[in-house]
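In: The amino acid sequence is not available; the structure is as follows:
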């Protein structure tokens, strides 16, 4: 997938801070590949569990051992931004630029995507759209008995209303929820306008696979159809995946509870998703 391929991985054993044993001789102890792997995994464990301080401290130790570890630099830039530490974020991006300029550009765009994506709030009102703007319906896994639950039905109605307002806009359905095409065509939406991507089982996968479909359809941007409690996270995921999100059409479920932009501390899952959309490994073997 495009975003994941742009990131890649990096490991290795490198020199640490020198230990002086005489006025004229300095020995550079090395960190083994296992040490570096352990520090990386400790950092990612901290981020996954919401212990950001522990994660950033582990990254600092790793980067003292290997200042050119591109994965670690990318994570440091991302999570320092979550921590509102602009100086460390910029320093990490600058160092990454000297290590891997292409990846530094990807991370810079991702940081912009995160900080603009969280500003896209819930809006239940459909709009007129250009034919080059797609409608992306984010599905919810079907209940045990099949069919659609209440919230998925509400998303379908929101997508249908948006499609009626913009009949020339293609509809991309992401997420494993059988029957969506049939539901929409029964409401007079042309089957040829519906493009189903059924492989996604997570929001991250929805963004990555949705990005592939949007590129295939040569869309300029998209409108996301989802629930108010997911809209900002979904917008970030799709934008980090390289899809420009023009706006969102949402259901009205708990609408007013999600109007305000959340504080940074409440954006943890958004940053975690961004790291995964970027293809940064959760752990090293």
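Out: Structure received. Note that the structure is a prediction, hence the values are computed from the model and not measured. Numbering: from 1, shown residues only.

In: Do you know the pLDDT at residue 144?
Out: The model reports residue 144 with a pLDDT of 58.

In: Helices of this structure, residue ranges please.
Out: Listed in chain order, the helices of the chain (DSSP state H) span 2-7, 33-48, 52-65, 70-82, 86-99, 101-117, 150-165, 180-185, 203-216, 231-240, 268-277.

In: The longest one - contacts with which helices or strands?
Out: So the one you mean is helix 101-117. On a contact count with 3 or more CB pairs under 8 Å, 6 or more residues apart in numbering; DSSP states H and E, helix 101-117 meets helix 2-7, helix 70-82, helix 86-99, helix 231-240, helix 268-277. To be clear about C-beta, it is placed using only N, CA and C from the backbone, and glycine gets the same treatment.

In: One more pass at 10 Å, please.
Out: Here helix 101-117 touches helix 2-7, helix 70-82, helix 86-99, helix 231-240, strand 245-250, helix 268-277, going by 3 or more CB pairs under 10 Å, 6 or more residues apart in numbering; DSSP states H and E.

In: Format the helices of the chain as CSV; extra columns: mean neighbour count, distance to residue 137 and mean pLDDT.
Out: Below are these laid out as CSV (neighbours: other CB atoms under 10 Å; distance: least, CB to CB, whole Å; pLDDT from 0 to 100):
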stretch, mean neighbour count, distance to residue 137, mean pLDDT
helix 2-7, 17, 21, 47
helix 33-48, 19, 29, 96
helix 52-65, 19, 33, 98
helix 70-82, 25, 28, 99
helix 86-99, 16, 34, 98
helix 101-117, 18, 18, 98
helix 150-165, 20, 4, 96
helix 180-185, 17, 7, 94
helix 203-216, 22, 10, 98
helix 231-240, 27, 11, 98
helix 268-277, 22, 19, 98
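
In: Format those helices as a markdown table; extra columns: distance to residue 130.
Out: Below are those laid out as a markdown table (distance: least, CB to CB, whole Å):
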| stretch | distance to residue 130 |
| --- | --- |
| helix 2-7 | 23 |
| helix 33-48 | 38 |
| helix 52-65 | 40 |
| helix 70-82 | 32 |
| helix 86-99 | 34 |
| helix 101-117 | 20 |
| helix 150-165 | 12 |
| helix 180-185 | 20 |
| helix 203-216 | 14 |
| helix 231-240 | 18 |
| helix 268-277 | 26 |
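
In: so can I have JSON lines of the helices and strands packed on helix 101-117 showing distance to residue 256?
Out: Formatted as JSON lines, those follow (distance: least, CB to CB, whole Å):
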{"stretch": "helix 2-7", "distance to residue 256": "33"}
{"stretch": "helix 70-82", "distance to residue 256": "26"}
{"stretch": "helix 86-99", "distance to residue 256": "32"}
{"stretch": "helix 231-240", "distance to residue 256": "13"}
{"stretch": "strand 245-250", "distance to residue 256": "12"}
{"stretch": "helix 268-277", "distance to residue 256": "20"}
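
In: wait, which of the helices of the chain is closest to residue 135?
Out: helix 150-165 (5.4 Å; CB to CB).

In: Kindly calculate the angle that the closest one makes with strand 245-250.
Out: 120 degrees (axes from the mean of the first three to the mean of the last three CA atoms, to 10 degrees).

In: what separates helix 150-165 from the chain centre, distance-wise?
Out: Centroid separation for helix 150-165 versus its chain: 24 Å, with CA atoms, centre = their mean, to the nearest Å.

In: Please apply the same query to stretch 49-56.
Out: Worked out by CA atoms, centre = their mean, stretch 49-56 lies 18 Å from the chain centre.

In: Any idea which of the helices of the chain gets closest to residue 129?
Out: Residue 129 lies closest to helix 150-165 among the helices of the chain, at 7.3 Å (CB to CB).

In: closest to residue 116 out of the helices and strands packed on helix 101-117?
Out: Of these, nearest to residue 116 by CB to CB is helix 231-240, at 7.0 Å.

In: Go through the helices and strands packed on helix 101-117 and name the closest to residue 36.
Out: In terms of CB to CB, the element of the helices and strands packed on helix 101-117 nearest to residue 36 is helix 70-82, at 8.6 Å.

In: in terms of contact count, name the helices or strands touching the closest one.
Out: Helix 70-82 sits against helix 2-7, helix 33-48, helix 52-65, helix 86-99, helix 101-117, helix 268-277, with contacts defined as 3+ CB pairs under 10 Å, 6+ apart.

In: for the helices and strands packed on helix 101-117, which one sits closest to residue 168?
Out: Checking those against residue 168 by CB to CB gives strand 245-250 as the closest, at 14.9 Å.
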